[in-house]
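1. next comes the sequence, and after it the predicted model I'd like to discuss.
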Amino acid sequence: MGQKRIVLAGGTGNIGKLLTLILVHLDYQVLILSRKEAKSSHPNIQYIKWDGQSLGNWIQELEGIDTLINLSGKSIQCRFTAENKKELLQSRITPTRLLGEAIQKLDSPPRLWINFSGISLFEGVEGLHNEESTSFGNTFLAHLTKEWEKTFFDVKTPDTKKVILRLSPVLSSKFGMFKELLPLAKLGLGGKVGDGKQQIAWIHELDLVRLVIWIINHESPSGLYHACSPQPESNKEFMKNLRKAVGMPIGIPLPALFARIGAYFKSVESDMLLLTNGVTTIHTLQEGFTHNYPTTQKAFKHLTKKEQ
């Protein structure tokens, strides 16, 4: 049967690198669509240049592949200025539409197309939300995610199964939330943010990769999964467990006002710190996926051990 070929569109970011590392280790052949010229020194990794905006020679590389994974999109770690909002939207909508067009032109289209999305769809909405919830948020990020998913759903690919994977913040020692919070927790600054009641959904980096591979090998995957632990936590609980993992008994709280000021100086939006985002998953659990790191206690223990 030969190696399975997987294409990662926008695969040069943190999540793409993580996926590539494990997929190659499992003997998949990984083709990365990238805007920058890049050479690979690994026999199972190939870089293919595309601009993410127009059809080109890169289309032929999609012929006969097993799975296409779309990770394209500007990072949301920025201020939501009018210009950034436009770029955040276009950097998601345009490549998604383009990949759909490309699939429609192929003689042998991919068996599976996984499109990443985000749990920001539920930003600011009280309660707990699984894949069947339709109580969406009213923030910019919620609207952005809704548009992105609509673009994906609107593409007709009769011979390619489509799956949306809504990503929650990924806990990793190399990037993202955990990496930023760890030094603060060690200094005794890892207290609750605001009133600490806002829910945080998350997933350990290894569970994320395992989930993607599980979807690839699923005989009949659902059209939608949440990439998050089944157990979101309040910000207060999350920070308490992080302090415990690093052996720091105190954590100075960060009042909402200071969170807003800090976010302003870091050129990010404070909503991501202060608004609740209580998201869980039922589709993964019902279909037999198990998390190796279902709790922050387990995740933090593993990541602090790796970090030492």
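-> Nice, I can see it.

2. strands of this structure, residue ranges please.
-> Secondary structure of the chain by DSSP state E: the strands cover 5-9, 29-34, 45-49, 67-70, 112-118, 161-167, 170-171, 199-200, 203-204, 224-227, 233-234.

3. now these as CSV including distance to Lys266 and mean neighbour count?
-> For glycine as for every other residue, the C-beta is placed from the backbone atoms N, C-alpha and C. Shown next, in CSV, are these (distance: least, Cβ to Cβ, whole Å; neighbours: other Cβ atoms under 10 Å):
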stretch, distance to Lys266, mean neighbour count
strand 5-9, 29, 25
strand 29-34, 27, 22
strand 45-49, 32, 17
strand 67-70, 28, 25
strand 112-118, 20, 23
strand 161-167, 21, 20
strand 170-171, 19, 24
strand 199-200, 18, 24
strand 203-204, 23, 25
strand 224-227, 25, 24
strand 233-234, 23, 18
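
4. between these, which one is closest to Phe140.
-> Phe140 lies closest to strand 112-118 among those, at 12.0 Å (Cβ to Cβ).

5. in its sheet, what does the closest one sit against?
-> If you go by DSSP bridges, strand 112-118 pairs up with strand 67-70 (parallel), strand 161-167 (parallel).

6. dump those strands to a markdown table, plus mean pLDDT.
-> A markdown table is the format used below for the strands paired with strand 112-118 (pLDDT from 0 to 100):
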| stretch | mean pLDDT |
| --- | --- |
| strand 67-70 | 98 |
| strand 161-167 | 98 |
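
7. to Pro253, which of these lies closest?
-> Closest to Pro253 of the strands paired with strand 112-118, according to Cβ to Cβ: strand 161-167, at 28.1 Å.

8. and the closest one, how far out from the chain middle?
-> In terms of Cα atoms, centre = their mean, to the nearest Å, the centre of strand 161-167 is set 11 Å apart from its chain centre.

9. now do that strand: everything it contacts.
-> Strand 161-167 has contacts (Cβ atoms under 8 Å, 6 or more residues apart in numbering) with 15, 111-119, 121, 131, 145, 149, 152-153, 155, 203, 208, 211-212, 215, 221-228, 279.

10. and stretch 129-143, by the same measure?
-> Under the criterion Cβ under 8 Å, 6+ apart, residues 76, 80, 85, 118-125, 127, 146, 166, 222, 224-226, 271-272, 275, 278-283 lie in contact with stretch 129-143.

11. and the buried ones among the residues you listed, selectable in ChimeraX?
-> To isolate the buried members of the contacts of stretch 129-143 in ChimeraX, using 16 or more other Cβ atoms under 10 Å:
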select :76,80,85,118,119,120,121,122,123,124,125,166,224,225,226,271,272,275,278,279,280,281,283
